[in-house]
Structures are given as C-alpha cells and as structure tokens.
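> what follows is a predicted structure for the sequence shown.
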2 protein chains.
Amino acid sequence: MRADQLPSREITTDLYELTMAASYFEQGMFAPATFSLFVRHYPPNRSYFVSAGLDDLLDYFESFHFQPDDLDYLERTSLFSSKFLAFLENLRFTGHVQALHEGRIFFATEPLVEITAPLIEAQLVETFVINAMNFPSLIASKAARCLYAAGDRRLVDFSLRRTQGTDAGLKVARASYIGGFIGTSNVLAGKLYDLPIYGTMAHSYVESFPHEIDAFRAFAKSFPKNTVLLIDTYDTVAGARKAVTVAREMREAGHALLAVRLDSGDLVHLSRQVREIFDAAGLNDVRIFASGGLDEFSIQELLAAGARIDAFGVGTRLGVSADAPYLDTGYKMVEYAGRPVLKLSSGKVSLAGLKQVFRLKDDRGLFWKDLIGLRSETVPEGEPLLQEVMKGGKRLLPSEPLDAIRKRFLEEFGRLPETYKKLEEAENYPVETTPSLQALQEEVTREIRRKELGGS
Amino acid sequence: MRADQLPSREITTDLYELTMAASYFEQGMFAPATFSLFVRHYPPNRSYFVSAGLDDLLDYFESFHFQPDDLDYLERTSLFSSKFLAFLENLRFTGHVQALHEGRIFFATEPLVEITAPLIEAQLVETFVINAMNFPSLIASKAARCLYAAGDRRLVDFSLRRTQGTDAGLKVARASYIGGFIGTSNVLAGKLYDLPIYGTMAHSYVESFPHEIDAFRAFAKSFPKNTVLLIDTYDTVAGARKAVTVAREMREAGHALLAVRLDSGDLVHLSRQVREIFDAAGLNDVRIFASGGLDEFSIQELLAAGARIDAFGVGTRLGVSADAPYLDTGYKMVEYAGRPVLKLSSGKVSLAGLKQVFRLKDDRGLFWKDLIGLRSETVPEGEPLLQEVMKGGKRLLPSEPLDAIRKRFLEEFGRLPETYKKLEEAENYPVETTPSLQALQEEVTREIRRKELGGS
C-alpha cells in the first residue's frame, strides 16, 4: 500500500451508492452502463482545466474489492441482505475506461473520463471517481495559473500545513508539480512521488538563538550547501545586512549563500532594498525567495510593480485553491443497457450517449476549438482526446513518471493561446457539440417528455 | 491503525522542520520550548470558531516515532548526518500539552493549543499540528453556521464526493457532526466514528429504469423502511405526483414513504408545491428533503422565503468551507529555555509567554468576554479554557465519544449571544489581553529592538 492510499476505499463512498446497488441487485439489473465525468461550469476566474488524478483512479479500479472488516460493518447497519453482501464480497471492477491523460488541458462540459461497466460497478465507484479527479485537477489548474503569473521564476509548493487534511497535502504536491512547480516542502510527497523537496527555516529558528546573526551562522554551518536565510523575523533590512555578513563568512569558507527569504511586509519595496544591499556587497548571486499568503494574483502584481524576486513559495492559497475551492464536477449516466439517458433537472441537464472530445488546432499548432461528439464519430483534423486506458478492469496505461506528465502539460500549455490564460476575464475557449450529438439529445429529450410528462 | 490515519505521519511535514531540527541537534539545543497555536484573523463572515481535531493530534503525539522506511528516505536525500538520523530513530514525543477540549467555542488570537517540549520535538510537529487542527475547526465552525441557519431542521453531510481528498471527507463528517449535523452520507466515516449514515438515491437510479415510477417502486420494495425518493430527474411536480402513487401503495403494504428529495430548481416554490400535493393526498407525514449546492446562506434564504423543507443535505460548500476555505492558523514559539520570545514581522506579530484564556460570563450564563493572560495568572470569575491534556507524552484526556463532544458544543453554542452568531456582519466578540501579558510583550519587544536593531 502506498501511504497516500487510505484503506477501505470501497466504502469511501456515499451510502446511496450501496443502497442503489442493493436495489439493482434485487432487480437483476446487471447490464452495462456508461457514466461520464465532466465539470459543468467554470468557477470564478477559470477558463481552462488541467487533468490530474487518473493514476490514483486506475489503481483504485484495479484493486477494487471489499474488505472483510468493511463488509462486517455493512452487515451491522442492517440495511443489506446477506445475498447482496455475498455478492459484494466477490465483486471486482471489470469495466472499460476512456480518459484524458494526466497533464492535458480540458474545458468545461467536456468529458474527461468515461466508464463503461455493469451497472452496479459503474454506480458504486461514483463518489470515489469524482473525489479522485476533482481536487487534483483543481490544483493542477491553480498551479498552471501561478506558472503563468510567475513567468520564468521558480515556484515551490509550501501548502501542507493548511491543506484540507494530509491526503490533500500529498495531492497538492503532486498536482502542482504537474502544473509546473519545481517541487514541494512536503517530505512525504517527496518520498512517495520522487519529487524534489525544498525548505528554508522558520521564525522560531531565529528566535531560539540569543541573536539573529547567531541563528544565521548556525544554519550556514549545518547546511553550507543549502543555506536560505529567513530575514524578516525582526526587521527585514537589518536582517539583510546580517545575512550579508554571513554570506561573506560563507564565501571565505568556500561556500555560498543560496538565497534569503522574505515572508512579510511590502515585498516590492523590501525585495528591491534587499537586492540593492546584496548587489552593493558584490553578492549578486544570492537569490531572493518570497513567501507569505501568495497566489497567482499577488505574484502577478508583485512582478508588475517591479519586485526583484527570483522564486516564490506558494502555500495555503494554492493548497486549497482559495479563490475557487471546488469544481462542479458531475458523474452522470449517459447510457444504460444500450439506451441513451439524460436528466432534465433544472440547470443540471446532462448529455446522453457515449462521447469523444475532438481538438482542432490552427496552422501554428495552437488550440483553435474543441468539438464534443459521439464516440462513434470521426472529425477530420480533430484529435480524439479520450483514450482507452483500462479494459476489462486491467490497466492499459501503466503508471506514468511524473516528469513525463509535467512535460506533457508544459507542451500543451504552450499551445493554449494567451487570451485563454489571463488570470481574470479570460475569453471562453470555444467548445461546440457535433450535429449528431445534438440530434441524439433532442431525440432522447423528446422521448422522455413523452413518457414521463405526458400523463402528469 | 485507524483508516483515517495515514502512515508516515512523522514525515507528513515540511522539510524545514527537519533541517532546523538537524541544526538544533548539532548546536546541542535541547532546552524546552513552548509553541502556541492560534488563528490570527477571522476569515470573511466568521465571528467565532469551534474547536475540533484534538483527538487526532494527541494520538499522533502518543504514537510519534520515525518508521525505518522513512529514515531510509531521509538518508537518501543526503541532507542529514548519520548521527542525526540515529537520534531521530529513537525520538519520541515527551511534551506537555494544554488545549481547549473539542467542541468548545473560541475566538481569533486565542491560543487553542500550547505545547511544551524539548525544542526539536516541539518544532518537528509544527506542520502536522496545524494541519490536524486547522481544517476540522474550520469545518465544525461552518457546520455551526449551517445549524444556526437551519434552526430545528435536520442537517446531513453530503460532501464526500467533492472534499479536497478522502481524508478531508472523513474530517468533514466528524467535524460537522460535532457542529450539530445529525450524520453523514460517508460510509467509512460511519464505520470509523460510529456516526449515523444517511442516503437517498441518485438521478442515475431513476434513469436506469424504463419509467420514473418503476424506479420509485423498485426502491420502495428494496428499502420499505428507508425510502426517500428523488423526484427532480425529469420534472419535480410530475415526480411528486408519481411519488404520491408509490406512497399510497407503500401505505397499503403497511409501510410509509419517509421523504422526497428535491435537488434542483426553485426550492422555495417547488417545496411549497410538493408539500401541497402531499398534504392534499393526506400524506402529511412525508417529509421534504432538499439538497443541491446548499450552505448556511442559501438555507437561511430558503427558510426566510417560506420554503417548506424539513431537512437539508449539505455538500460541497460545507465540505470545503467554500466562502472561507482556510483559517490563518499559526504555531508560534512563545518561549525557549525560559526566555519569552516573539517575532515582529509586519502584520504577523506573535504574543510571547505561556498563556491561558479566561472566559467571563454574564449573570444569565452567556459569554461576556474573554481575556488572554499569562498562564501563571488567575482571573476572578474567569474560567480557564486551556486544560492539561497530555503530560510527558502521555494522554491525560482519553479519546472522547463524539456524542459527548457534540453535546458540549451544543451547550456552548446556546451560551453564545445571538449578535455573534449572525451569518454576515456579526459583532466582534470582545477578546482582551491582561495587563501582565501586555507588560511582557512590551518588555520583550524593547529587548529585541535593543539587541537586533540598535546596530543595523
């Protein structure tokens, strides 16, 4: 078991998945169903998404089976028959999965995963499927926005202390790396995902020494190759002067101070002052690292205002995607037993039928528009984005190295025109539906209205 | 291991905790330090907090020890000496902890946990301490706001599918129960925390039958004692009429339809229409359950507008605390080796010294004001809120039953005057500092300025 995988993933689910499954079982409803995962709307300030989470999801499918202890619990609820519990005991996931590879860019309303499996299997996994894809994709998208704002400056994930739980901390480290960060402060994430880990020092380190400069010297002695000094504990400018002293001492000893960190105050003004202090001392190579409540908006503002910052530690506001902390992701049945289905609930209409997303590019290779069509269609010049990644419950797509996923994202991001990348008021990327898909919706809707509303 | 406890909690930490510890080790800095956990500011719309997460935290302290596999990883980073790694191998948490019991109400700037331990221990736990307390307290506070809005209507946690990871889903189920919810849809949370679990059906259930009424009948047959029918898949009013038919059939069979669920559309208008349809059919006992993007604000609006809703399923916006997805929680050193310390960083000044929070009540037993003072002080009539919960690394406070914590919260919540409970623009509850605590801050600040800024 990987440490990011909680046991009992099969009952990491809403109760209704199990009660529905029990009822399907009783009714003998074992025909295949297809469900489609998609984000309904853009949250505020979002104009694209970055796919992440598929590896966990496929791993969950492949290892799906109820633990004896969990079945005992279900029995104690007195909701389920012993026949159904015996059925669950032997249940494995045998479905087919079409999905977007991790690191790819997608847009609202586009399916990013489609699952076809016997109804009970496809239903039981609903809660976990949404949970596994929603948050990582949210964070990879937030990271991409930070990357856009930061240009060629480096970004490190500092969010673990205030992520929504520890599992979230791991998911943020992984997804932000996909979205262009260079690493994380999260040590467990470093171990599990083989990510570069970074760290500096806290204010408490400085405070635990009689004088600030004693702290700087002690850290330089302990980590002569990795010294980044936090200089704002008492006064940033005074701290910078002490850091210059220590940097010179390090140079005499054959080492080099890597950077200083600013964590509070007016970062534009302070970074310029600190840069001047180091440059005047001939320490042009010492970098300035900034942190403290940052996100893509403040990074963009700082740089526009002329801050002299080389790298950013981005914490809480990345780790919870503070301006948009969730995606409105749905997992909707689109076909059962060969019959296309949809719902007509106000504001939440779904699209019937097995689908494919086709991406069209312009002659420079930039994204032009996407078409959502039927899976059986072909669209000339359109790249089909959903690929078969699991068949009969077995992975066709092995676990990919994170660096490969990150590279895929960076390549894709370069093909997304600037106008869709703006942090606020970006244009809506064009996503259209094909005539065949539209015709199917009309046909299914008409049929439902006839059957369900005629007599009411 | 409980399923909500990820392994490798010791390296669920920021790298700098370990590099600082290595440096302290090298410097022989083993004197006791005290750190204080507090929320700096209120996020938007918040005027009080509900404490949650302590049980996990104490469990973490009591079981703290580095796993061989994690030490191997640390060795592979080449950052740490073999002496230090050998030290870590034998390290246990031996500290003392003063804390607010779970379910108690607290306010911005008040310490809710104070930890005294040898410097390295107190430092290493920082990231996990914040993570373990911050999110559960955030969610318990959000749940309390929903409870305030819902009055005597029941609330169920429906958030799992869109929580930020699966660990977050468990924490939301537990914390929202503390904050007055009656249970959760999260099956694993039901198992781990012995919580009541609830569920209805999804739209896919309805869609998988040829006709909506077939779905209603099948579910009533499978769960005659627990039938809640989702009636908005195609048309809510038409769905309600079919539910009436099924409710009558259930009555003839000696059962009763518990409720119908509305998940979309104008819930004020629809709930009134549906109530009329059921009342006109003599089915006054059938309850109306509502869900779909709800939170405390929409619940308050719905009820003010005359919605006829008996219970609410609250999902995503509870589960990520959507309007305020994090607390600005800090864990700051306040004393090292008997010397009170603080930082002067702009906007982030901390309070030196070991502290206590004293709560004063009026003659009706309602909260009047809190005083933050030195731990050594006594305040006449003031109840000291921080209690000793761990001594020498051993729990003094055993794991409490959730129902006892929930009861404590409900009792406390009844003592918080209405003016602090309003969802928006609530008054700021008065929190003052004692003259002795103020005097200490002035003394320490003066001393720091003399030492650190005089010569710069």
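Perfect, I can see it now.
> can you confirm A:Asn284 is in a helix?
No - A:Asn284: not assigned to a helix; according to DSSP: H, G, I helix; E, B strand; the rest coil it is coil.
> that one: neighbouring residues, count only.
Residues within reach of A:Asn284, counting by other CB atoms under 10 Å in any protein chain shown, total 10. Backbone N, C-alpha and C define where each C-beta goes, glycine included.
> I'd like to know how many residues surround the closest residue to it other than its chain neighbours.
The spatial neighbour of A:Asn284 that comes closest, neighbours along the chain excluded (CB to CB, 6 or more residues apart in numbering or on different chains), is A:Phe278 at 6.9 Å. Neighbour count of A:Phe278, defined by other CB under 10 Å: 23.
> secondary structure element for A:Val334, which one?
For A:Val334, the element it lies in under DSSP states H and E is strand A:329-336.
> tell me where the stretch 301-450 of chain A has strands.
Using DSSP state E, counting those that start in this stretch, the strands of the stretch 301-450 of chain A run over A:311-314, A:329-336, A:339-340, A:355-361, A:367-374, A:383-384, A:387-391, A:394-395, A:431-433.
> where's A:Arg261 relative to B:Thr329, distance?
20 Å (CB to CB, to the nearest Å).
> do the same with A:Thr13
Per CB to CB, A:Thr13 is found 30 Å from B:Thr329.
> more crowded one of the two?
Set A:Thr13 next to B:Thr329 and count neighbours by other CB under 10 Å: A:Thr13 wins out with 26 against 22.
> contacting residues for the more buried one?
Contact analysis of A:Thr13 by CB atoms under 8 Å, 6 or more residues apart in numbering or on different chains lists A:124, A:126-128, B:160, B:186-188.
> the strand holding A:Val334 pairs with which strands, parallel or anti?
Applying DSSP bridges to the sheet, strand A:329-336 is found paired with strand A:32-39 (antiparallel), strand A:339-340 (antiparallel).
> could I get these as TSV with mean neighbour count and distance to A:Arg153?
Below are those laid out as TSV (neighbours: other CB atoms under 10 Å in any protein chain shown; distance: least, CB to CB, whole Å):
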stretch	mean neighbour count	distance to A:Arg153
strand A:32-39	24	29
strand A:339-340	17	49
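> just put those strands in TSV and tack on distance to B:Glu427 and mean pLDDT.
Formatted as TSV, the strands paired with strand A:329-336 follow (distance: least, CB to CB, whole Å; pLDDT from 0 to 100):
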stretch	distance to B:Glu427	mean pLDDT
strand A:32-39	39	98
strand A:339-340	55	95
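> got those strands as CSV, with distance to B:Ser176 columns?
Formatted as CSV, those follow (distance: least, CB to CB, whole Å):
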stretch, distance to B:Ser176
strand A:32-39, 25
strand A:339-340, 37
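> which one of these lies nearest to A:Ala290?
With distances scored as CB to CB, the stretch of these nearest to A:Ala290 is strand A:32-39 (31.9 Å).
> can you name the element that comes right after that closest one?
Using DSSP H and E, the helix or strand that follows strand A:32-39 towards the C-terminus is strand A:49-50.
> what about that following strand, average pLDDT?
Averaged across strand A:49-50, pLDDT comes to 98.
> can you give me the helices for the stretch 51-200 of chain A?
A:54-63, A:68-76, A:82-90, A:119-124, A:126-150, A:166-178, A:187-193 (DSSP state H, counting those that start in this stretch).
> hmm, I was thinking of the stretch 251-400 of chain A
Under DSSP H, counting those that start in this stretch, the stretch 251-400 of chain A gives helices at A:267-280, A:296-304, A:316-319.
> so what's the residue count around A:Met250?
Neighbours of A:Met250 under the rule other CB under 10 Å: 22.
> residues in contact with stretch A:56-74?
A:4-5, A:7-11, A:18, A:80, A:85, A:88-89, A:91-93, A:95, A:97, A:113, A:125, A:128-129, A:132-133, A:136, A:389-390, A:393-395, A:397, A:399, B:187-188, B:190-191.
> so who does the residue nearest to A:Ala337 when sequence neighbours are not counted touch?
The shortest distance from A:Ala337 to any non-neighbouring residue, by CB to CB, 6+ apart, is to A:Ala31 (3.6 Å). A:Ala31 makes contact with A:118-119, A:336-338 under the criterion CB under 8 Å, 6+ apart.
> ok, A:Arg272 next?
Residues in contact with A:Arg272 (CB under 8 Å, 6+ apart) are A:306-308.
> re the thing from before, measure how far the strand holding A:Val334 is from the centre of its chain, please.
Relative to its parent chain, strand A:329-336 has a centroid offset of 21 Å by CA atoms, centre = their mean, to the nearest Å.
> tell me the angle that strand makes with strand A:355-361.
Here the directions of strand A:329-336 and strand A:355-361 differ by 120 degrees (axes from the mean of the first three to the mean of the last three CA atoms, to 10 degrees).
> do you know the pLDDT at the residue sitting nearest the centre point of chain A?
When CA atoms, centre = their mean is applied to chain A, the residue found nearest the centroid is A:Pro136 (2.3 Å). As predicted, A:Pro136 sits at a pLDDT of 98.
> pretty sure it contacts A:Ala175?
Yes - if you go by CB atoms under 8 Å, A:Pro136 and A:Ala175 touch, sitting 4.3 Å apart.
> and for these two, which residues touch both?
By CB under 8 Å, 6+ apart, the residues touching both A:Pro136 and A:Ala175 are A:52-53.
> quick one on the thing from earlier: any of the contacts of stretch A:56-74 buried? List them.
A:4-5, A:7-11, A:18, A:80, A:88, A:91, A:93, A:95, A:97, A:113, A:125, A:128-129, A:132-133, A:136, A:389-390, A:393, A:397, B:187-188, B:190-191 (16 or more other CB atoms under 10 Å in any protein chain shown).
> dump the contacts of A:Arg272 into a markdown table; add neighbour count and pLDDT as well.
Formatted as a markdown table, these follow (neighbours: other CB atoms under 10 Å in any protein chain shown; pLDDT from 0 to 100):
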| residue | neighbour count | pLDDT |
| --- | --- | --- |
| A:Gly306 | 10 | 98 |
| A:Ala307 | 23 | 98 |
| A:Arg308 | 20 | 98 |
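> would JSON lines of those with distance to A:Arg450 be doable?
Formatted as JSON lines, the contacts of A:Arg272 follow (distance: CB to CB, whole Å):
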{"residue": "A:Gly306", "distance to A:Arg450": "66"}
{"residue": "A:Ala307", "distance to A:Arg450": "63"}
{"residue": "A:Arg308", "distance to A:Arg450": "68"}
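> between these, which sits nearest B:Pro384?
A:Ala307 (45.4 Å).
> ok so, going back, with respect to A:Arg76, which of the contacts of A:Arg272 is nearest?
Nearest to A:Arg76 out of the contacts of A:Arg272 is A:Ala307 (CB to CB; 58.9 Å).
> for B:Leu371, see how far away the closest residue to A:Glu452 other than its chain neighbours is.
Counting by CB to CB, 6+ apart, A:Glu452 lies nearest to B:Tyr234, which is 4.5 Å off, once chain neighbours are set aside. Distance, B:Tyr234 to B:Leu371, using CB to CB: 59 Å.
> before we move on, what about A:Gly151?
Distance from A:Gly151 to B:Leu371, by CB to CB: 49 Å.
> these two: which is more packed in?
For A:Gly151 versus B:Leu371, the count of surrounding residues by other CB under 10 Å is larger for B:Leu371: 19 against 9.
> and the pLDDT at the more buried one?
Model confidence at B:Leu371, given as pLDDT, is 98.
> tell me who's in contact with it.
Contacts of B:Leu371 were listed using CB under 8 Å, 6+ apart, and they are B:357-358, B:360, B:379, B:382, B:431-434.
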